[in-house]
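>>> take this sequence and fold it.
(2 chains)
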Protein chains: 2
Amino acid sequence: MIRIRSLLPLILVLLLAFSPVRHTDDLLGFSQEAAKEQRKLEAAYQQHLNPENLRTWMKKMSEHPHHVGSKFTGEKVRYMADLFASWGYEVEVEEFTVLFPTPTSRLVEMVAPTTFKASLEEPGIDGDTSARSREDMLPPYNAFSADGDVTGELVYVNQGIPRDYEELKKRGISVEGKIVIARYGGSWRGIKPKVAAEHGAIACILYSDPRDDGYVRGDVYPEGPFRNADGVQRGSVSDMPLYPGDPLTPGVGSKPDTERYERDESPTLMKIPVLPISYKDAQPLLEALGGPVVPGSWKGGLPITYHIGPGPATVRVKLEFDWKLETAYNVVAKMLGNEFPDQWIMRGNHHDAWVYGAADPISGMVALMEEARAIAELTKTGWRPKRTLVYAGWDAEEPGLLGSTEWVEYHREELQDKLALYINTDGNGRGFLRMGGSHTLEKFINEVARDVNDPQTNVSVSDRLRALGKVRGSEDAKNRRDIRLYPLGSGSDYTPFLQHAGIASLNLGFGGENAGGAYHSAYDTFEHYTRFGDPEFAYGVTLANVAGRAVLRFANADILPFSMASYVDNVKMYAKEVMALAGQMRSQTENENELITSKAYELAADPTQIYIVPELEEAVPYFNFAPLQNALNKLEKSAKHYDMLVASRGMALSRGEKEQVNELLIALEQTMTRTQGLPRRPWFKHQIYAPGFYTGYGVKTLPGIREALEQRSWDEVTEQIQIVSKTLEKVSEHIDNASAEIQ
Amino acid sequence: MIRIRSLLPLILVLLLAFSPVRHTDDLLGFSQEAAKEQRKLEAAYQQHLNPENLRTWMKKMSEHPHHVGSKFTGEKVRYMADLFASWGYEVEVEEFTVLFPTPTSRLVEMVAPTTFKASLEEPGIDGDTSARSREDMLPPYNAFSADGDVTGELVYVNQGIPRDYEELKKRGISVEGKIVIARYGGSWRGIKPKVAAEHGAIACILYSDPRDDGYVRGDVYPEGPFRNADGVQRGSVSDMPLYPGDPLTPGVGSKPDTERYERDESPTLMKIPVLPISYKDAQPLLEALGGPVVPGSWKGGLPITYHIGPGPATVRVKLEFDWKLETAYNVVAKMLGNEFPDQWIMRGNHHDAWVYGAADPISGMVALMEEARAIAELTKTGWRPKRTLVYAGWDAEEPGLLGSTEWVEYHREELQDKLALYINTDGNGRGFLRMGGSHTLEKFINEVARDVNDPQTNVSVSDRLRALGKVRGSEDAKNRRDIRLYPLGSGSDYTPFLQHAGIASLNLGFGGENAGGAYHSAYDTFEHYTRFGDPEFAYGVTLANVAGRAVLRFANADILPFSMASYVDNVKMYAKEVMALAGQMRSQTENENELITSKAYELAADPTQIYIVPELEEAVPYFNFAPLQNALNKLEKSAKHYDMLVASRGMALSRGEKEQVNELLIALEQTMTRTQGLPRRPWFKHQIYAPGFYTGYGVKTLPGIREALEQRSWDEVTEQIQIVSKTLEKVSEHIDNASAEIQ
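Numbers count the residues shown, from 1 in each chain, chains lettered A, B, ... in the order given. Predicted coordinates for the structure are as follows:
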């Protein structure tokens, strides 16, 4: 049973990718006859996919730095727009005016107990784009950091997330007036300086520890794919969990004349200076720290004993930025539907990068382009989609989803009226399909995933993903027909669609076999990607295959293929989770308080070390979850009824009746939102999914209830149970209305 | 609630350690009146303990290298013997003749792809004993390694335990004809070359990885206590799980004229060359390895990407030893009991070290000596123990429990007749009491632990240990009156007593707050210990307090303080564990086999990497555990009955009746043994506790059944269930006999 495979030659890849898959099932939303036609269409579509296009376009588009406002952006945008136009799309390049600070001065130096000046540079590597095109390259920095020139003792705060500060407190260590250094990981980067500032820190240094992102993980670039000693992770630190997009224009599209905040009015701009550095630059700083040795889980992979400080390492951080407004260029290409032109199916991927961005975002962008091209090929035989297709390349995603957010804010009403589905992609890799999104789409996208072959194994991408789940011990992978969609937090351009506008959304991509450490560095290059990412672009065309079939299927369905049962199943699971969380927190609090009052903590501590016993916590009350349970019960009934009606009578409806149903379905996700949004962050409207206030990208499901619990706001928990229950009742009613159209 | 404490001054330590503890309980084995007297005696005993003696003796005894056969051994042994004699003990220095190879040639060098010669030395550190006394110092080596001169490609095998070879197999990597390098940890060191040799390796290099034992854990010596880049862990690699003691004389005491194996007949001598090296020496070797990157859990703390190999690193290992016989000197000091001189209570600690051995073993040895001295002080008022006390200092423990094993083998019949209790100690530290041993002693030693104060916190050492348990989430710590004894595997001199001769045994020591990395290196010095071990010897005298009270209590008890309920409670727990293990293995095997047959493993693997699907495993049958359950049921009844009888009527018995009971109690642990021993290792007689055949020091409870399961020998499982059940029936009958004497 020995299987030894080297990288498969391209021809074999293509054979496998395009070999037929047995279909035994009907298609959701199609009559049997229509399903047959649809599968023929999709087979024809698949034949047009060509990985060499992806390679050509990536090489071109990642040739030079192409962040928002870069010199190369114009050429790149024209290149994309021209291609879309050449395939027959109506192309518009829509401009927004957004705040985009770039650094004019960056300094990190240790002034005591020894002196050291951080290099803050990523040198070019021979034979790599990073050596060939250095003009206009943005140096490592965090967008939306504050200006500042501060000097202070250094404190290592691990990942800089709230529980790390609890550990510091137990050791009697405060960061008030200090500069903190945090390793990347454990949350979205913007959380780290935000929490540091809340605790009184005057600056924040971020670095990539080799344990998480460097030689501990594997060989470093250029020998291997992982982050080398010079590599730095750039990225935004605006307070995106409050709202993404232009920090000066929340909720509205930022055209040149849009009224905007003054900078000091914007609540999402970081309050303290923040800068990312390499582990080469971090090591001397960390090595110079004294104070207690860090807890076990805080240890990184540098060859030093990690200490917390504060000091004796004393560091100066000096940062100045050019706080200019830049133009973001969104490329939007439309193919009008021939039956329902005012019902849209949309695809999007950002096109801006921090530097060359071969993987992030170009690998996803070129898959989207090939998808658009191959669909356009179908029109050469006279075929047209029933609904309108919209392909978008977003600018300014990297500084905080600016291009997509401003566009959605600007077009929100039209989108809420017309857009049935938004499918997002971003950087793509090799391995396993990752599917996240609205759970009304779970059954639909699972059907698609069963119809697409994995290029390496000759089974469907669904079967391969299931195999991974089984190996990882997932009960769902063993027993559940559909693979669960992961719920969406944030971190890419689906956020304004799903969480602000209430558009049913998916996020798709491949990964798991292309681990590396080029993320947001100057080493995310064509050379890196074609050695370690998806060298044959086999998964690039497979992504186009999955997403393109999804687009074609949604565009042509008689009744839009939403499934209510999948939705209810997942929301019930989230409800169970929050109820269980309350119970866990209750017994954990009881236990902790007992350990405090019985002096167990005190007696178990080493008396030669500083140890501050935590304060007693307020007991967790029992909450009335009955409204939530009742709402879910009602929702389940509505969902079953709708699914049953569609299956039994849906195809027999007249065209007009189907349209009534479809209109209601397009509006369904909006019933899961609330105009007032979530507590303290009204921009986020969705009541089922949100990025965590203290995790950033990480999702919180039923966020109103869950975060009230986590923040121990007991009254708010009760209030949010009511709000979420009302929301779910609204969803039930909406589903009932759709059912009424079928009956 | 802020508590900030620096190291407490000695006077405060003593005040705390010797302040009174409230007693509310009777003492097991004593009448109420006698318990009162006994506690008075113990209070007087405690008053005599003086930490300064420990300091003086440690300074003297750790002044020079003092391994078995060293130049300093004679002086050290006379020093100890003279002290015991000066306190009024009858002292005998009993000699055994044991095999003790020392290296005459050591070479580890890389010959390709670059060259590097390992230093294999531990340089002296200024101000440290390691710089002052280098004559006669044993260099780093593994005792009982084979001679050899081999060259081969290197393979990194992680910890070199069986499951690591399963990982290698999945990657298609064999160590046949190769040299393996393994990090310390995960098992006793001798397992690593044993398993390597079983897989065809031609030599084995051991090293201390900084992740486990170096800068990752904390600051290194001399800045801090942890292992520095030069530090090496010496140690024996004889096959101790087969039998400890002199490899040439299993089962018999090795006097000069004892018949012994030729070297090539001994089954416990290692078959391949083995050498321990420092992480400074290991780094260039590991860095030169190619092949796949190691799995996550295999990664160490060196600043490199760990690869498995094989090669291109090619290494030569050349080792030669002087295979001489040496004399081991056991110091045995007796104080005759005035009522039952033929009933013995014994204490032991080894006195030989790998180099200076301040912590290991002198910190424990000096606590034992102070205990003996303080007890001798009591005799100045005319008091004598009722039973005979025997204090032993063992030689040659480090190469494999040679001194104690030969002594027990030589005196076995007398010990089985007379020895009621053996209490072992070894290196001692700071923090929490660790109590292991025969579970018939659990209630007894818990009573002692409740009567001794922790020197740092002014609560009993029992309460402090319980606090730690509670903080760690132990349900027992919350709910169980007595703190569980950990079962004894191996690693110190209790093994021949408990597991070969069937003597009820305890192992005691303090630790948990003296983490460091001097173990078996030249940096285990007086300076290291008095900075980072137990600087005030506060825990040294506390150990003397605990062990001395235990000795005095056992020596004076009316009825020997064994408790049957504690024993049954623990053995039932072990039985539940092995039954659960069978169930876990059954479902795990089913699951694994399903992942193989459904091709989930194959499909989840990255096709660009070598991956060999594991072979199907034989299903785990259901076993007839009924004999074990029935035996336990009977045992529980017998135990309850005995405990009830002793509590209600024990003290009313006549002196002669008590003696009948005590004679039976002395023999009780022997009923848990079996003359034939365990499968494939007849030296190990005990049926409840044994060191693991593939863990070395790590204990296996109900070893016959448990290891048959783990080795998937289904027939042997059934056979061993019968054997263990019969053994437990024998224990029941013996307890019933004791009960009959009381009724």
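>>> residues contacting A:Met270?
Contacts for A:Met270 (Cβ atoms under 8 Å, 6 or more residues apart in numbering or on different chains) come out as A:Asn142, A:Phe144, A:Ser145, A:Ala146, A:Gly190, A:Pro193, A:Lys194, A:Ala197, A:Val237, A:Ser238, A:Asp239. C-betas here are computed from N, CA, C, even on glycine.
>>> could the residues you listed be laid out in CSV, adding pLDDT and secondary structure?
Shown next, in CSV, are the contacts of A:Met270 (pLDDT from 0 to 100; DSSP: H, G, I helix; E, B strand; the rest coil):
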residue, pLDDT, secondary structure
A:Asn142, 98, strand
A:Phe144, 98, coil
A:Ser145, 98, coil
A:Ala146, 98, coil
A:Gly190, 95, coil
A:Pro193, 97, helix
A:Lys194, 96, helix
A:Ala197, 98, helix
A:Val237, 97, coil
A:Ser238, 95, coil
A:Asp239, 95, coil
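>>> tell me the residues on the stretch 601-743 of chain A that lie near chain B, please.
Residues of the stretch 601-743 of chain A lying close to chain B (Cβ under 8 Å from any Cβ of the partner chain) are A:601-608, A:610-613, A:615.
>>> which among those residues count as buried?
A:Tyr601, A:Glu602, A:Leu603, A:Ala604, A:Ala605, A:Pro607, A:Ile610, A:Tyr611, A:Ile612, A:Val613 (16 or more other Cβ atoms under 10 Å in any protein chain shown).
>>> between those residues, which is nearest A:Gly311?
A:Ile610 (15.5 Å; Cβ to Cβ).
>>> and the residue lying closest to A:Gln499 once chain neighbours are set aside, what does it touch?
The shortest distance from A:Gln499 to any non-neighbouring residue, by Cβ to Cβ, 6 or more residues apart in numbering or on different chains, is to A:His686 (4.5 Å). If you count contacts by Cβ under 8 Å, 6+ apart, A:His686 has them with A:Leu498, A:Gln499, A:His500, A:Gly502, A:Glu669, A:Met672, A:Thr673.
>>> coming back round to it: farthest pair within the buried ones among the residues of the stretch 601-743 of chain A next to chain B?
A:Leu603 and A:Ile610 (15.7 Å).
>>> thinking again about what came up before, would you mind naming the residues that bridge with the residue nearest to A:Gln499?
Beta bridges link A:His686 to A:Thr673, judged by DSSP bridges.
>>> how about A:Tyr391?
A:Ala333, A:Arg347.
>>> count of neighbours near it?
Other residues near A:Tyr391 come to 27 when the count uses other Cβ atoms under 10 Å in any protein chain shown.
>>> quick check: residues of the stretch 51-200 of chain A near chain B?
So far as Cβ under 8 Å from any Cβ goes, the stretch 51-200 of chain A lies against chain B at A:Gly172.
>>> check which helix or strand covers the closest residue to A:Val461 other than its chain neighbours.
Distances taken as Cβ to Cβ, 6+ apart put A:Leu433 closest to A:Val461, at 4.4 Å, once the chain neighbours are dropped. Here A:Leu433, judged by DSSP states H and E, is contained in strand A:431-437.
>>> please save the CA atoms from the helix or strand following that strand in CSV.
Scanning forward in sequence from strand A:431-437 by DSSP H and E, the next helix or strand is helix A:442-450. Listed next in CSV are the C-alpha coordinates belonging to helix A:442-450 (Å, rounded to 0.1, in the frame of the first residue of the first chain):
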residue,chain,number,x,y,z
GLU,A,442,-25.3,25.0,2.5
LYS,A,443,-27.2,22.4,0.5
PHE,A,444,-26.7,24.3,-2.7
ILE,A,445,-22.9,24.7,-2.5
ASN,A,446,-22.6,21.1,-1.3
GLU,A,447,-24.3,20.0,-4.5
VAL,A,448,-21.8,22.0,-6.5
ALA,A,449,-18.8,20.5,-4.5
ARG,A,450,-20.0,17.0,-5.3
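>>> which strands and helices lie in contact with helix A:442-450?
strand A:431-437, helix A:461-471, helix A:538-556, helix A:564-597 (3 or more Cβ pairs under 8 Å, 6 or more residues apart in numbering or on different chains; DSSP states H and E).
>>> how about the residue nearest the centre of chain A, phi and psi?
Nearest to the mean C-alpha position of chain A, counting by Cα atoms, centre = their mean, stands A:Gly491 at 3.0 Å. Main-chain torsions, A:Gly491, degrees, to the nearest 10: phi 120, psi -10.
>>> check the one 10 residues further on too.
For A:Ala501, the backbone dihedrals are phi -100, psi -10 (criterion: degrees, to the nearest 10).
>>> go ahead and confirm it touches A:Arg412.
Yes - applying Cβ atoms under 8 Å, one finds A:Ala501 in contact with A:Arg412, separated by 5.2 Å.
>>> that older thread, make a markdown table from the residues of the stretch 601-743 of chain A next to chain B and add secondary structure, distance to A:His520 and pLDDT to it.
Compiled in a markdown table, those are given as follows (DSSP: H, G, I helix; E, B strand; the rest coil; distance: Cβ to Cβ, whole Å; pLDDT from 0 to 100):
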| residue | secondary structure | distance to A:His520 | pLDDT |
| --- | --- | --- | --- |
| A:Tyr601 | helix | 41 | 97 |
| A:Glu602 | helix | 45 | 97 |
| A:Leu603 | helix | 47 | 97 |
| A:Ala604 | helix | 42 | 97 |
| A:Ala605 | coil | 41 | 97 |
| A:Asp606 | coil | 41 | 97 |
| A:Pro607 | coil | 45 | 96 |
| A:Thr608 | coil | 43 | 95 |
| A:Ile610 | coil | 37 | 96 |
| A:Tyr611 | strand | 39 | 96 |
| A:Ile612 | strand | 37 | 97 |
| A:Val613 | coil | 41 | 97 |
| A:Glu615 | coil | 39 | 96 |
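>>> what's the closest of those residues to A:Pro341?
A:Glu615 (62.1 Å).
>>> list the residues that contact A:Gln32.
So A:Gln32 contacts A:Asp26 (Cβ under 8 Å, 6+ apart).
>>> I misspoke; the intended subject was A:Leu28.
A:Lys443, A:Phe444, A:Glu447, A:Ala557, A:Pro561, A:Ser563 are the contacts of A:Leu28 under Cβ under 8 Å, 6+ apart.
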